[in-house]
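Trainee: need a 3D model of the following:
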Amino acid sequence: MSKGLTPAFLSNLEMTADEAASLIPRNAVLGLSGFTRAGDVKAVPAALARRAAHESLQLTVATGASLGHETDALLAKTGILARRYPFQADPTLRRAINDGKVMFIDHHLSETAEAMRSGALTPPDVAIIEALDLDEQGLIPTTSVGNSPVFAALAKSIIVELNSAHSEALRGVHDICQPKPFGQREPIGIVAPNTRIGTPFIPVDPAKIKAVVRTNQADSKAGPSAPSPETDAIAGHLLEFLDHEVKAGRLDRRLAPLQAGIGKIANSVLAAFTESSFEALTMYSEVLQDSTFDLFDSGKLIFASASSITLDARQDALKDFGRYRDRVILRPQDISNHPEVVRRLGVIAINTALEADIYGNVNSTHVNGSHMMNGIGGSGDFARNARLSVFVTQSVAKDGALSRIVPMVPHVDHGAQDVDILVTEAGLADLRGLAPRERALTIIRNCMNANYRELALDYFNEAKRRGGHTPHVLEKAFSWHERAQSSGSMLDTAGAVEKRRLAAAE
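Mentor: Predicted structure coming up:
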């Protein structure tokens with residue numbers, strides 16, 4: 001185990017963030033704790049940015065998911081980053097990625113640890129991990145687990161940020177288990193969201209720990225996610241559908257373990273369950289957001305398992321975490337997102353689409369087919385293996401100038417076979433058991449904004465005349481995107497553009 005992590009041992013390793021950052025070699029591979037702004041290291045990355053002012057570092061940085069405290073922006077601005085994976089959500093880093101300055105690997109979140117264990121990815125030279133505490137048993141994480149266990153296991157050296165800003169009630173909430181190598185692996189023994197299969201600490205080799213940096217800084221907030229009339233409508237359509245599933249005998253009032261992706265729409269949809277007729281709900285997800293604790297407080301939710309806790313308005317839930325700790329487990333992300341467990345538990349997965357096409361293919365990551373937004377995250381882990389795979393999105397964006405439902409998505413993250421239900425504020429399309437031509441009509445009629453419906457039907461009817469199992473007019477498949485790039489609106493016509501040009505000339 002981790003014998004030797006005594007107070008005297010640790011005190012000999014205490015140093016400043018700048019001193020710890022000086023131990024990191026140039027061109028190193030770093031494994032940083034942090035998952036959707038939770039449990040991220042805060043002091044040492046900032047010290048690395050200061051070091052970069054007079055030294056070229058060119059680091060590869062692996063994380064659990066996105067980092068808080070504008071760390072990704074800082075690393076991108078200072079030119080530290082050569083390579084980054086598996087997920088990010090920072091505008092500055094996004095620009096560097098799309099400009100080709102940072103090489104970004106977009107992973108399914110369950111696969112990063114697997115790729116490191118198998119040797120497909122270079123293991124970290126240095127793991128930098130935020131911890132609540134270090135004792136003789138090991139390292140106790142804070143508000144996320146993410147990829148920290150595999151980083152600690154494979155790294156040549158470890159730097160620990162001991163953060164006293166976190167609640168002591170987090171102690172004991174973690175469940176750390178690492179699968180054996182491929183070919184030697186046993187079944188993962190999770191049979192319900194509250195099943196524990198591991199330890200409440202990350203085992204570490206004391207000889208690897210080279211520095212301990214003390215900090216006192218809270219996690220970044222998740223960002224506003226208040227419901228809107230559109231998200232309320234999306235939630236209403238989904239709750240009505242689930243009620244129908246109960247009446248049809250395919251579910252009961254407890255439904256099945258829920259998963260919801262990060263972000264405003266999924267969080268708002270999940271919050272609507274507080275006013276539903278469903279009860280004794282559970283979650284098997286990757287992130288616990290504000291809505292999770294609203295559901296706990298409403299009495300609707302009895303247990304939640306994930307890899308991180310990322311909050312905005314509900315900061316009180318972390319300050320008074322003792323109220324919830326016996327109903328929460330935080331796991332490594334290769335376990336929270338593991339396909340075997342998702343399929344076994346029969347999860348209902350609710351994820352957000354950037355856009356979808358009339359056949360149900362979903363784009364979660366790329367604007368106009370080429371520009372990375374954030375990454376696929378864990379949506380693919382759940383969508384492919386869920387009992388019900390639900391994707392939600394508003395039907396339009398930019399005040400109606402863009403349709404989120406298009407003839408063909410220019411980038412596919414989730415093929416139509418992985419999408420059971422598509423929901424917008426306009427309505428819900430149940431795509432189960434439908435052939436492509438049936439799916440198209442169902443999506444156009446139920447999910448598309450009324451201003452785009454006729455355009456979509458015109459395209460579909462012309463495509464049908466061409467024939468095919470999944471009919472398309474290839475030379476027009478991306479015409480909506482092209483029109484938006486040239487005129488600013490998918491609804492615009494050449495005539496409208498010319499009128500604006502003439503008006504501007506006058």
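Trainee: check what pLDDT the most centrally placed residue in the chain gets.
Mentor: Geometric centre of the chain, nearest residue: residue 377, 4.1 Å, by CA atoms, centre = their mean. Looking at residue 377, its pLDDT reads 97.
Trainee: excluding sequence neighbours, find me the nearest residue to it.
Mentor: residue 87 (5.3 Å; CB to CB, 6 or more residues apart in numbering). (Each C-beta comes from the backbone N, C-alpha and C, glycine too.)
Trainee: ok, so what distance separates that neighbour from residue 333?
Mentor: 10 Å (CB to CB, to the nearest Å).
Trainee: between these two, who's got more neighbours?
Mentor: residue 333 (33 against 27; other CB atoms under 10 Å).
Trainee: please enumerate the helices of the stretch 301-450 of the chain.
Mentor: 316-319, 333-336, 339-345, 379-383, 436-447, 450-466 (DSSP state H, counting those that start in this stretch).
Trainee: turn those helices into CSV, including distance to residue 425.
Mentor: CSV is the format used below for those (distance: least, CB to CB, whole Å):
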stretch, distance to residue 425
helix 316-319, 28
helix 333-336, 30
helix 339-345, 28
helix 379-383, 20
helix 436-447, 9
helix 450-466, 11
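Trainee: what residues go with each domain of the chain?
Mentor: The chain breaks down into these domains under automatic domain parsing: 7-215, 229-450.
Trainee: out of those, which is closest to residue 221?
Mentor: domain 229-450 (4.9 Å; CB to CB).
Trainee: just how off-centre is that closest one within its chain?
Mentor: Distance, stretch centre to chain centre, for domain 229-450: 11 Å (CA atoms, centre = their mean, to the nearest Å).
Trainee: next one: stretch 16-23
Mentor: 30 Å.
Trainee: quick one: buried residues of it?
Mentor: 17, 20-21 (16 or more other CB atoms under 10 Å).
Trainee: over to stretch 160-178?
Mentor: Quick answer for stretch 160-178 (16+ other CB under 10 Å): 160-163, 166-167, 169-171, 173-178.
Trainee: between those residues, which is nearest residue 112?
Mentor: For those, the nearest to residue 112 is residue 178 (13.1 Å; CB to CB).
Trainee: which residues does stretch 437-451 contact?
Mentor: Applying CB atoms under 8 Å, 6 or more residues apart in numbering, the contact partners of stretch 437-451 are 356, 358-360, 395-396, 400, 403, 405, 416, 422-424, 426-431, 434, 453, 456-457, 460, 464, 470-471, 491.
Trainee: now do stretch 21-28
Mentor: 30, 44, 47-48, 50-51, 55-60, 82, 124-126, 157, 159, 210-211.
Trainee: and for stretch 63-74?
Mentor: 31-42, 45-46, 49, 84-93, 109, 144-148, 217, 219-220, 307-308, 333, 374, 377.
Trainee: returning to that earlier point: I'd say the residue nearest to residue 377 and residue 375 touch.
Mentor: Yes: using CB atoms under 8 Å, residue 87 makes contact with residue 375 at a distance of 4.0 Å.
Trainee: mind listing the shared neighbours of those two?
Mentor: With CB under 8 Å, 6+ apart as the test, residue 87 and residue 375 both reach 106-107.
Trainee: shared neighbours of residue 87 and residue 333, anything?
Mentor: By CB under 8 Å, 6+ apart, the residues touching both residue 87 and residue 333 are 65, 109.
Trainee: follow-up on the earlier one: need the buried residues of stretch 16-23 in a markdown table (columns: secondary structure).
Mentor: Formatted as a markdown table, the buried residues of stretch 16-23 follow (DSSP: H, G, I helix; E, B strand; the rest coil):
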| residue | secondary structure |
| --- | --- |
| 17 | helix |
| 20 | helix |
| 21 | helix |
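Trainee: could you check the pLDDT of residue 294?
Mentor: Looking at residue 294, the pLDDT reads 96.
Trainee: ugh, typo on my part, it should be residue 216
Mentor: Confidence score, pLDDT, at residue 216: 98.
Trainee: cool, residue 61 as well?
Mentor: 98.
Trainee: residues contacting residue 38?
Mentor: Contacts of residue 38 (CB under 8 Å, 6+ apart): 68, 142-144, 219, 287, 308-310.
Trainee: beta partners of it?
Mentor: Legend: beta-bridge partners of residue 38 under DSSP bridges are residue 35.
Trainee: separation between it and residue 28?
Mentor: The spacing between residue 38 and residue 28, counted by CB to CB, is 24 Å.
Trainee: near the closest residue in space to residue 132 that isn't next to it in sequence, how many other residues are there?
Mentor: The shortest distance from residue 132 to any non-neighbouring residue, by CB to CB, 6+ apart, is to residue 140 (4.6 Å). Residues lying near residue 140 (other CB under 10 Å) number 22.
Trainee: give the bridge partners for residue 140, please.
Mentor: If you apply DSSP bridges, the partners that residue 140 bridges to are residue 133.
Trainee: from the contacts of stretch 63-74, list the buried ones, please.
Mentor: 31-42, 45-46, 49, 84-90, 93, 109, 144-148, 217, 219-220, 307-308, 333, 374, 377.
Trainee: these in helices, which ones?
Mentor: 45-46, 49, 93, 148, 333 (DSSP state H).
Trainee: which residues of this structure score low on pLDDT?
Mentor: 1-7, 493-506 (pLDDT under 70).
Trainee: can you list the buried residues in the longest helix along it?
Mentor: Counting residues, the longest helix in the chain under DSSP H turns out to be helix 229-247. If you call a residue buried by 16+ other CB under 10 Å, then helix 229-247 has these buried ones: 230-231, 233-239, 241-242, 245.
Trainee: and the strands in the stretch 201-350 of the chain, which stretches?
Mentor: For the stretch 201-350 of the chain, applying DSSP state E, counting those that start in this stretch gives strands covering 209-215, 258-260, 281-284, 287-288, 301-306, 308-309, 328-330, 348-352.
Trainee: of those, which is nearest residue 368?
Mentor: Residue 368 lies closest, by CB to CB, to one member of the strands of the stretch 201-350 of the chain: strand 348-352, at 18.1 Å.
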